[in-house]
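Enquirer: could you look at this predicted model? Sequence included:
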Amino acid sequence: MPKLTIDGREIEVDPGLTILQACEQIGIEIPRFCYHERLSIAGNCRMCLVALERSPKPVASCAMPVADGMVVHTNTPAVHKMRKGVMEFLLINHPLDCPICDQGGECDLQDQAMGYGLDHSRYKENKRAVEDKRMGPLIKTIMTRCIHCTRCVRFTTEVAGITDMGMLGRGEHAEITSYLEKAVDSELSGNVIDLCPVGALTSKPYAFVARSWELKKTESIDVMDAVGSNIRVDTRGAEVLRVLPRLNDEINEEWISDKTRFACDGLKRQRLDMPYVRKDGKLQPATWPQAFAAIRERIGGLAGAKIAAIAGDQADCEAMVALKALMTGLGSTNIDCRQDGAKLGRGFRAGYIFNSGIAGIENADALLIVGSNPRWEAAVLNARILKRSLMGPFPIGLIGEVKDLSYSYQHLGTDPAALKKLLSGRSDFAKVLKAAQRPMLIIGQGALTRPDGAAVLSLAREVAEKFGIHVPAKSWNGFNVLHTAAARVGGLDLGFLPGDGGRDVAGILEGAGNGEIEAVYLLGADEIDISRLGKAFVIYQGHHGDKGAHRADVILPGAAYTEKNATYVNTEGRVQQTRLAAFPPGDAREDWTIIRALSDVLGKSIACHDLGSVRGMLVEANANFMRPEETMQATWGAFGTEGELSDVPFHSPIDNFYMTDPISRNSETMAECTQAFVAPKQGKTGTHG
């Protein structure tokens, strides 16, 4: 290990580190603009200059590897003079518009200028102006502010996996641009806003809305998909103004998807803020006692077999465990959390979670994707696959739809027959899996929501066992189920599934259509075929006036994920919690409290009176809830069911990344993204659908 001296301190560091990284290890902060720990080294800005003994010139510490015997000076008058000179050059063409810049208060250039900026300028010529570029509905550009750090270019290439951005020209004529002024077509494009160290790239929906010091900042998690990205929710009063990523190396690193970041404007549109009861065919505003009385009147005397409940994709665990307890009290076993009909939940937990963990993707040396489009189903997780592919040889095979996943792969087929061929060893990719030390399989909902989903799951398990995807001796389990719903793993952990003789979603809809099910409780369930509910009495509890609310006979207004302290379990089985960032609007309430109050009215009281006691019910239902923020090794065993396999091709359940839930469907920003990115690919014009 090389030994070097930094500012008189002799240290020993790992080989391959740069001087900048070595300085950070001992607490010396080096100013920088272009350097970012998750991107390749560019050495553009020169702000990180340090003096190196026996070197005739200053060196860029971000690009200089450490060597044995180096003597580095980071805090001498000469070094300060160098950095002030660099700062003077950076500010030559920079416009003095800090008072109207959205980056104000959060700007790296402002911060560094305080330490290294001069109080005068020797530059008397006219400033250069650069025309703003069109980068789509999400990114606002003021390119005269750009200092050409190329963070955005490196991010789009290395993390997002697209080549839409680059730098044209040289010297004073250099410009960062999206080629042909094309909108940046990536599900992760908003991250360049966080990366930009100046105000050149800012959030278009958030432009001129608020200053950072006006906002209340709440740490939470995302529920737009099943990844469980760690986020920070910024609010002013009762309104969520923006969502930013929070660092978590195990899950999302420091990236979030555009839907996570920009769909928050949907939280203030089409909200349910009071109970409603249907009278004479029309929904009428009501009080909570009136809504509960209407429910008691209709279901109070019903047999349990005639009552059913379906939990939606964003239902929190507290609400599901309370609703399950209520349905048990009513004598009903007709409950299900799988709106899409996924054939999951029976058997061992290893059969429905992402066993390797999201970070475990970096340890794999081969990957088989079955029935999934991870770029749309889990954009941040897809970036981790791209990251692994850039680290070295990483063969990827895909069985399913041919899509641009942002990395190269071998297409093996479109239906279960390709999986059977692989199992038999007749596929070339079988040799790849056999030779791999840590092979991985990702199976998506496009393979599991089909009528033969249980048989496909069983076949995937056989593949995992045959090719060493699950090897207990090596403590390696690369069998991974990729979910699309934030509530799904939590619902499966809680056993929110049909009991003995109970009906699943398909059975509930069939029973409602033929009159065998007379009452259906929809806990934020909007993704089912509402038209099949027939004449059933429908109770809808949710936060938006979406499909379920339009069909409901009684509406109970609940809270969105930013408005409650709630528990979710992500696709890898990690228990996480949201935090209340803003209060629900009007008379809306946290979901478990609504169910608790209703249980009293129905005479089936649930034994919970505060959040702590509800979370005690979670632990009683499943010990995994005792360990938030941790992933535990799941026991391997039998799951899936052998049966007939269809020859119908696999199809991803997500046709529009930007609109997958009530919040994003009510977002104007997501509607603009649909118009800009999805509609042209589907050959549609003039529609947001």
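Expert: Cool, the structure landed.
Enquirer: how about the nearest residue to Ser605 once chain neighbours are set aside, secondary structure?
Expert: Once flanking residues are discounted, Ser605 sits nearest to Ser599: 5.2 Å by CB to CB, 6 or more residues apart in numbering. Bear in mind the C-beta positions are built from the backbone N, C-alpha and C, glycine included. Following DSSP: H, G, I helix; E, B strand; the rest coil, Ser599 is assigned to helix.
Enquirer: what's around Ser599, how many residues?
Expert: A total of 20 residues lie near Ser599 under the criterion other CB atoms under 10 Å.
Enquirer: run through the residues that contact the residue nearest to Ile361 when sequence neighbours are not counted.
Expert: Nearest non-adjacent residue to Ile361, counting by CB to CB, 6+ apart: Arg384, 4.7 Å away. For Arg384, the contact set (CB atoms under 8 Å, 6 or more residues apart in numbering) comprises Glu253, Ile358, Ala359, Ile361, Glu362.
Enquirer: just the buried ones among those residues, please.
Expert: The neighbour-count test (16 or more other CB atoms under 10 Å) applied to the contacts of Arg384 identifies Glu253, Ile358, Ile361 as buried.
Enquirer: can you give me the strands in the stretch 501-650 of the chain?
Expert: 519-523, 537-542, 554-557, 567-569, 575-577 (DSSP state E, counting those that start in this stretch).
Enquirer: got TSV for these, with distance to Arg211 too?
Expert: Shown next, in TSV, are the strands of the stretch 501-650 of the chain (distance: least, CB to CB, whole Å):
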stretch	distance to Arg211
strand 519-523	38
strand 537-542	33
strand 554-557	32
strand 567-569	31
strand 575-577	29
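Enquirer: nearest to Lys84, of these?
Expert: strand 575-577 (45.1 Å; CB to CB).
Enquirer: mean confidence for the closest one?
Expert: For strand 575-577, mean pLDDT rounds to 97.
Enquirer: show residues contacting that strand.
Expert: 221, 228, 230, 565-570, 624-625, 627-630.
Enquirer: nearest to Lys282, of the residues you listed?
Expert: Nearest to Lys282 among the contacts of strand 575-577 is Ala566, at 32.2 Å by CB to CB.
Enquirer: tell me where the stretch 51-200 of the chain has helices.
Expert: 77-90, 108-116, 151-158, 191-195 (DSSP state H, counting those that start in this stretch).
Enquirer: wait, which of those helices is closest to Ile606?
Expert: Closest of the helices of the stretch 51-200 of the chain to Ile606 is helix 191-195, at 42.2 Å (criterion: CB to CB).
Enquirer: could you point out which element follows that closest one?
Expert: strand 201-203 (DSSP states H and E).
Enquirer: for that following strand, buried residues please.
Expert: Leu201, Thr202, Ser203.
Enquirer: got it, and stretch 127-134?
Expert: For stretch 127-134, using 16+ other CB under 10 Å, the buried residues are Val130, Lys133.
Enquirer: what about it, how long is it end to end?
Expert: Terminal residues of stretch 127-134 are spaced 22 Å apart (CA to CA, to the nearest Å).
Enquirer: okay, now the unreliable bits of this structure?
Expert: 473, 683-689 (pLDDT under 70).
Enquirer: quick one: His94 and Ala129, what's the gap?
Expert: Using CB to CB, to the nearest Å, we find His94 at a distance of 11 Å from Ala129.
Enquirer: give me the common contacts of the two.
Expert: Thr144.
Enquirer: hmm, back to that, closest to Thr177 among the buried ones among the contacts of Arg384?
Expert: Glu253 (26.7 Å).
Enquirer: my guess is that closest one contacts Arg246, does it?
Expert: No: using CB atoms under 8 Å, Glu253 is not in contact with Arg246; the gap is 10.3 Å.
Enquirer: which of the contacts of strand 575-577 count as buried?
Expert: Ile221, Gly228, Asn230, Ala566, Thr567, Tyr568, Val569, Asn570, Asn624, Phe625.
Enquirer: take those and keep only those in helices.
Expert: Within the buried ones among the contacts of strand 575-577, no residue falls in helices by DSSP state H.
Enquirer: kindly indicate which of those residues lies nearest Gly105.
Expert: Checking the buried ones among the contacts of strand 575-577 against Gly105 by CB to CB gives Asn230 as the nearest, at 22.5 Å.
Enquirer: quick one, what contacts Thr578?
Expert: Counting by CB under 8 Å, 6+ apart, Thr578 has contacts Ser220, Ile221, Val223, Asp316, Tyr561, Thr562, Lys564, Asn565, Ala566, Thr567, Tyr568.
Enquirer: does the fifth one touch Ser220 like I think?
Expert: Yes: distance between Tyr561 and Ser220: 7.4 Å, which falls inside the contact criterion (CB under 8 Å).
Enquirer: Phe262 against Gly136, yeah?
Expert: No: under the criterion of CB under 8 Å, Phe262 makes no contact with Gly136, lying 11.0 Å away.
Enquirer: among the contacts of Thr578, which pair sits farthest apart?
Expert: Pairwise distances across the contacts of Thr578 peak at 14.8 Å for Thr562 and Thr567 (criterion: CB to CB).
Enquirer: packing partners of the host helix or strand of Ala417?
Expert: Using DSSP H and E, Ala417 falls within helix 416-424. The contact analysis (3 or more CB pairs under 8 Å, 6 or more residues apart in numbering; DSSP states H and E) places helix 416-424 against strand 396-399, strand 410-413, helix 428-435, helix 453-466.
Enquirer: return the most buried member of these.
Expert: strand 396-399 (a mean of 25; mean count of other CB atoms under 10 Å).
Enquirer: and which of the buried residues of strand 201-203 is nearest to Gly501?
Expert: Nearest to Gly501 among the buried residues of strand 201-203, counting by CB to CB, is Ser203 at 52.1 Å.
Enquirer: wait, doesn't the closest one sit right on Gly190?
Expert: Yes: Ser203 lies in contact with Gly190 (CB under 8 Å); the separation is 7.1 Å.
Enquirer: list residues touching both of these two?
Expert: Residues within reach of Ser203 and of Gly190 at once, by CB under 8 Å, 6+ apart, are Leu138, Ile139, Phe262.
Enquirer: ok, Tyr568 - contacts?
Expert: Contacts of Tyr568 by CB under 8 Å, 6+ apart are 221, 223, 228, 316-317, 486-487, 490, 561, 575-578.
Enquirer: beta partners of it?
Expert: Gln576 (DSSP bridges).
Enquirer: now do it against Pro56, distance only.
Expert: From Tyr568 to Pro56 the distance is 58 Å (CB to CB).
Enquirer: what does Leu497 give?
Expert: Going from Leu497 to Pro56 by CB to CB gives 72 Å.
Enquirer: those two: who's more crowded?
Expert: Leu497 (18 against 5).
Enquirer: looking at the strands of the stretch 501-650 of the chain, spot the one closest to Thr163.
Expert: Ranked by CB to CB, the member of the strands of the stretch 501-650 of the chain that lies closest to Thr163 is strand 575-577, at 34.1 Å.
Enquirer: tell me the secondary structure for Pro232?
Expert: To be clear, residue 232 is Arg; Pro isn't right here. Per three-state DSSP, Arg232 ends up strand.
Enquirer: what does Pro680 give?
Expert: Assigned with three-state DSSP, Pro680 falls in the helix class.
Enquirer: tabulate the contacts of Thr578 (TSV), appending distance to Glu465.
Expert: Formatted as TSV, those follow (distance: CB to CB, whole Å):
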residue	distance to Glu465
Ser220	39
Ile221	33
Val223	33
Asp316	35
Tyr561	37
Thr562	42
Lys564	41
Asn565	41
Ala566	37
Thr567	33
Tyr568	30
